[in-house]
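Novice: I would like to see how this sequence folds:
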Amino acid sequence: MKTIGLIGGMSWESSAEYYRLINQGMKARLGGHRNARSVMVTVCFEEIKTLQHAERWEDLGSQMQQAARQVEAGGADFVVLCTNTMHKLAPAIEAVLDVPFLHIVDPTADALRRAGIERVGLLGTRFTMEQDFYRARMEQRHGIQVVIPDQDDRTLVHDIIYDELCHGVVRSESRAVYQRIIESLKAGGAQGVILGCTEITLLIKPEDSALPTFDTTELHAMAAVALAAGEGGQVA
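Specialist: Presented below is the predicted three-dimensional model:
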C-alpha cells in the first residue's frame with residue numbers, strides 16, 4: 001500500500017472529510033481493520049485566506065511548496081492537495097516534488113465523462129470560478145465545457161463558502177440559494193454541476209440538486225484510495 005501525502009487545513013472541515021472518506025474507502029476495498037497509510041500537513045487557513053484575498057499568490061505558492069516538501073519528507077508516495085482553489089498553485093507544488101501529484105480536476109473529469117456530461121456547471125470560490133486554472137484544465141485537457149453563475153451569484157456562492165461553510169456552519173437558507181443557482185445553471189444548458197469547493201459537500205447533497213452533482217472531495221479522495229491500493233489513478 002502506498003502512503004498518501006495530504007496537504008490540508010483549507011479548511012480543516014473539508015480536510016476531515018478527506019481523512020474520513022479515504023480511510024472508509026480503503027477499508028471498503030481491502031476489508032478488515034485496514035485503513036489508508038497517510039501523512040498530513042495542516043496549514044493555517046486564516047493566513048491562507050488573507051493571502052488569497054490580497055492576491056498574494058507568490059507567497060501562497062511558497063507556503064504550498066513548504067507543505068509539499070514536508071509531506072514528501074514524511075514518506076508520502078504521492079501528494080493530494082485537499083482544496084480546489086489552491087490548485088491554482090499546482091505547478092509550483094509539482095516543481096518541488098519528486099513524487100507524483102494527484103490533481104483534483106482529473107478524477108472529476110473522469111466521472112463527468114463516464115456520465116456522458118459535455119457541459120457542466122461549476123460552483124466554487126470566486127477564484128476557482130473566475131480564473132482559468134481550473135476551467136482551462138477541464139476544457140483543454142478533458143474536452144468538457146464549463147459554465148459558471150453570473151457575477152452576483154458568484155459573489156453569493158463565494159461568501160457562503162468563506163463566511164459559513166469554512167466555519168462548519170450549514171444553513172438551510174444558504175442551501176436554498178445554492179439550489180436556485182443550480183437551477184439557473186440547468187436553464188443555461190448545464191448537464192451536471194461540479195461541487196468545486198471541498199466545503200460545498202457539507203451543504204449540497206445529491207438529493208438537494210436539480211442537476212447530477214459531482215463532489216470533488218469524494219472523487220479526489222477515492223482516486224487517492226485507488227492509487228494507494230495499487231489500482232491505478234491519474235497523477236499529473
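Novice: how far does stretch 153-163 sit from the chain's center?
Specialist: Relative to its chain's centre, stretch 153-163 lies at 16 Å (CA atoms, centre = their mean, to the nearest Å).
Novice: which SS state does the spatially most distant residue from the centre of the chain fall under?
Specialist: The C-alpha centroid of the chain is most remote from G32, which lies 28.7 Å away (CA atoms, centre = their mean). Secondary structure assignment for G32 (DSSP: H, G, I helix; E, B strand; the rest coil): coil.
Novice: and A73, how many neighbours does it have?
Specialist: A73: 11 surrounding residues under other CB atoms under 10 Å. Every C-beta, even on glycine, is put in place using the N, C-alpha and C of the backbone.
Novice: give the contact list for it.
Specialist: Contact partners of A73, counting by CB atoms under 8 Å, 6 or more residues apart in numbering, are absent.
Novice: any idea how far Q70 is from G5?
Specialist: Separation of Q70 from G5 (CB to CB, to the nearest Å): 9 Å.
Novice: quick one on the thing from earlier: which pLDDT does the model give the residue farthest from the centre of the chain?
Specialist: Here, the pLDDT recorded for G32 equals 90.
Novice: for the one 10 residues further on, same thing?
Specialist: pLDDT for T42: 96.
Novice: ok, the residue positioned nearest the centre of the chain - contacts?
Specialist: Centroid-nearest residue in the chain: N84, 3.7 Å away (criterion: CA atoms, centre = their mean). Neighbouring residues of N84 by CB under 8 Å, 6+ apart: I104, G124, T125, T128, Y134, G196, C197, T198, T216.
Novice: please report the distance of the fifth one from N84.
Specialist: So that's Y134. 7 Å.
Novice: what touches both of these two?
Specialist: G124, T128, G196.
Novice: give me the subset of those residues lying in helices.
Specialist: T128 (DSSP state H).
Novice: out of the shared contacts of Y134 and N84, who has the most neighbours?
Specialist: Neighbour counts for the shared contacts of Y134 and N84 peak at G196, which has 30 neighbours (criterion: other CB under 10 Å).
Novice: and that residue, its phi and psi?
Specialist: Reported as degrees, to the nearest 10, the phi and psi values for G196 are phi -90, psi 30.
Novice: thought it was touching R126?
Specialist: No - taking contacts as CB atoms under 8 Å, G196 lies outside contact range of R126: 11.4 Å.
Novice: what's the burial count for I182?
Specialist: Counted with other CB under 10 Å, I182 comes out at 23.
Novice: can you tell me how far it is from S38?
Specialist: As for I182, its distance to S38 is 33 Å (criterion: CB to CB).
Novice: and if you look at G61?
Specialist: For G61 relative to S38 (CB to CB), the value is 24 Å.
Novice: more neighbours: which of those two?
Specialist: Comparing G61 with S38 by other CB under 10 Å, the one with more neighbours is S38, at 22 against 19.
Novice: okay, domains of this structure per the record?
Specialist: Domain segmentation of the chain under automatic domain parsing yields 3-103+218-228, 105-215.
Novice: now find how far off-centre the shortest one is within its chain.
Specialist: On the basis of CA atoms, centre = their mean, domain 105-215 sits 11 Å off its chain's mean C-alpha point.
Novice: stretch 27-45 too?
Specialist: Per CA atoms, centre = their mean, the centroid offset for stretch 27-45 relative to its chain is 17 Å.
Novice: distance across that stretch, terminal residue to terminal residue?
Specialist: Stretch 27-45 has its terminal residues 30 Å apart, counting by CA to CA, to the nearest Å.
Novice: ditto for stretch 115-128
Specialist: 23 Å.
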